[in-house]
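Trainee: sequence first, predicted model second:
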Amino acid sequence: MIEVQDIRKAFDGEEILKGITTTFPKGQTNLIIGQSGAGKTVFLKCLLGLFRPDKGKILYDGSPYSSFSDEEQRELRQQMGMVFQGGALFDSMTVEENVMFPLRMFTRQRRSVMIKRVKEVLDRVNLAEAQHKKFPVEISGGMQKRVSIARAIVNKPKYLFCDEPNSGLDPQTATVIDNLILELTREYDITTVINTHDMNSVLEIGEKIVFLKGGKLEWEGDKNVIFKTDNESVTEFVYSSDLFQKVRKAQNQGF
Ligand SMILES: Nc1ncnc2c1ncn2[C@@H]1O[C@H](COP(=O)(O)OP(=O)(O)OP(=O)(O)O)[C@@H](O)[C@H]1O
């Protein structure tokens, strides 16, 4: 679980995060949504420890980051997996080498043990063995995302952060990737936080949704109540998507 207590972050005197308080429980998918410029990425970077908030606290399973020694911060980083927007795979490495990278960086396991673990996670994300020796350019965008997820979970993280995991994917593949993240989150009891613009994701895996507006937490809830809120900022945002308009129409027609 990650608890965020009144965090603030400014750049050059301009406050970007204006006192955010929320909780991201483990074993479920937590989504951060909001308009472009709302502060989602800055927030995610604070959770990742890449930005240090000017004020407030972030607690990882009860322990505040600010109290961590350098060694504890290093340990925490090893417990974090990240799925980057574009996949961010190393082009010069094969699929297997990409997934093995965190193990080589952070652990001292024997090569045979690492190879076994790499195979295990690639199987878990349903990437066929024929793809394991290929380079990222030789596989599809959806497969690249699977590799990126495999790399993020290979070192058994307690926390998984995903920045726009669906960008560049067709809707069907995006749904498969969303559900894969949801399954892994539950199976390994991970605290997962996903930064997304994708309304399909909100409907599919929005177990907790945090809506940011102008650096503040405007609303929080889940996929079942987001339709029912009378918060105008949220409704304006969600109903601007085609998908939500169709759902609302269907609801109005009594389906
Ligand atoms: N390193 C930085 N230095 C200065 N300003 C920054 C920095 N990072 C972000 N900002 C500013 O913070 C604000 C929020 O940016 P952020 O990237 O968090 O928005 P976002 O909600 O993720 O938007 P998008 O959906 O477009 O990615 C923007 O005005 C941006 O210019």
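Mentor: Alright, I've got the coordinates.

Trainee: who does the residue lying closest to residue 208 once chain neighbours are set aside bridge with?
Mentor: Counting by Cβ to Cβ, 6 or more residues apart in numbering, residue 208 lies nearest to residue 30, which is 4.5 Å off, once chain neighbours are set aside. C-beta coordinates here come from the backbone N, C-alpha and C atoms, glycine included. Residue 30 has the following beta-bridge partners by DSSP bridges: residue 193, residue 208.

Trainee: can you start the count at 457 instead of 1 from here on
Mentor: All right, first residue 457 from here; so that's residue 486.

Trainee: residue 486 and the ligand, how far apart?
Mentor: 16 Å (Cβ to the nearest ligand atom, to the nearest Å).

Trainee: what of residue 461?
Mentor: 19 Å.

Trainee: partner strands of the helix or strand hosting that residue and their direction?
Mentor: For residue 461, the element it lies in under DSSP states H and E is strand 458-467. Partners of strand 458-467 in the sheet, by DSSP bridges, are strand 470-480 (antiparallel), strand 511-516 (antiparallel).

Trainee: now do that strand: distance to the chain's middle.
Mentor: Per Cα atoms, centre = their mean, to the nearest Å, the displacement of strand 458-467 from the mean C-alpha position of its chain is 18 Å.

Trainee: sorry, back to before: how many neighbours does the residue nearest to residue 664 have?
Mentor: 24 (other Cβ atoms under 10 Å).

Trainee: can you give me the buried ones in stretch 509-520?
Mentor: Using 16 or more other Cβ atoms under 10 Å as the test for burial, stretch 509-520 gives 509, 512, 514, 515, 516.

Trainee: ignore the last one, stretch 525-532
Mentor: Buried residues in stretch 525-532, counting neighbours by 16+ other Cβ under 10 Å, are found at residue 532.

Trainee: in CSV, please show the C-alpha coordinates belonging to it.
Mentor: Written as CSV, here are the backbone C-alpha positions of stretch 525-532 (Å, rounded to 0.1, in the frame of the first residue of the first chain):
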residue,chain,number,x,y,z
SER,A,525,18.5,5.8,4.6
ASP,A,526,20.4,5.7,1.3
GLU,A,527,20.5,2.0,1.5
GLU,A,528,16.8,1.7,2.3
GLN,A,529,16.0,4.0,-0.7
ARG,A,530,18.1,1.7,-2.9
GLU,A,531,16.2,-1.3,-1.6
LEU,A,532,12.8,0.4,-2.2
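
Trainee: okay, now the residue nearest to residue 491 when sequence neighbours are not counted: neighbour count?
Mentor: Sequence neighbours aside, residue 693 is the residue nearest to residue 491 in space, at 6.4 Å (criterion: Cβ to Cβ, 6+ apart). When counting by other Cβ under 10 Å, one arrives at 23 neighbours for residue 693.

Trainee: what is the host helix or strand of residue 693 packed up against?
Mentor: Here residue 693, judged by DSSP H and E, is contained in helix 688-694. For helix 688-694, the elements it packs on are strand 664-669, strand 672-677, judged by 3 or more Cβ pairs under 8 Å, 6 or more residues apart in numbering; DSSP states H and E.

Trainee: mind putting the ones you listed into JSON lines with mean neighbour count and mean pLDDT?
Mentor: JSON lines is the format used below for those (neighbours: other Cβ atoms under 10 Å; pLDDT from 0 to 100):
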{"stretch": "strand 664-669", "mean neighbour count": "23", "mean pLDDT": "96"}
{"stretch": "strand 672-677", "mean neighbour count": "18", "mean pLDDT": "96"}
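
Trainee: and these: which comes nearest residue 640?
Mentor: Among the helices and strands packed on helix 688-694, strand 664-669 comes nearest to residue 640, with 16.5 Å by Cβ to Cβ.

Trainee: on that earlier part again, what angle separates the strand holding residue 461 from strand 664-669?
Mentor: Relative orientation of strand 458-467 versus strand 664-669 (axes from the mean of the first three to the mean of the last three Cα atoms, to 10 degrees): 20 degrees.

Trainee: not counting sequence-adjacent ones, nearest residue to residue 669?
Mentor: Nearest to residue 669 is residue 689, by Cβ to Cβ, 6+ apart, at 5.3 Å.
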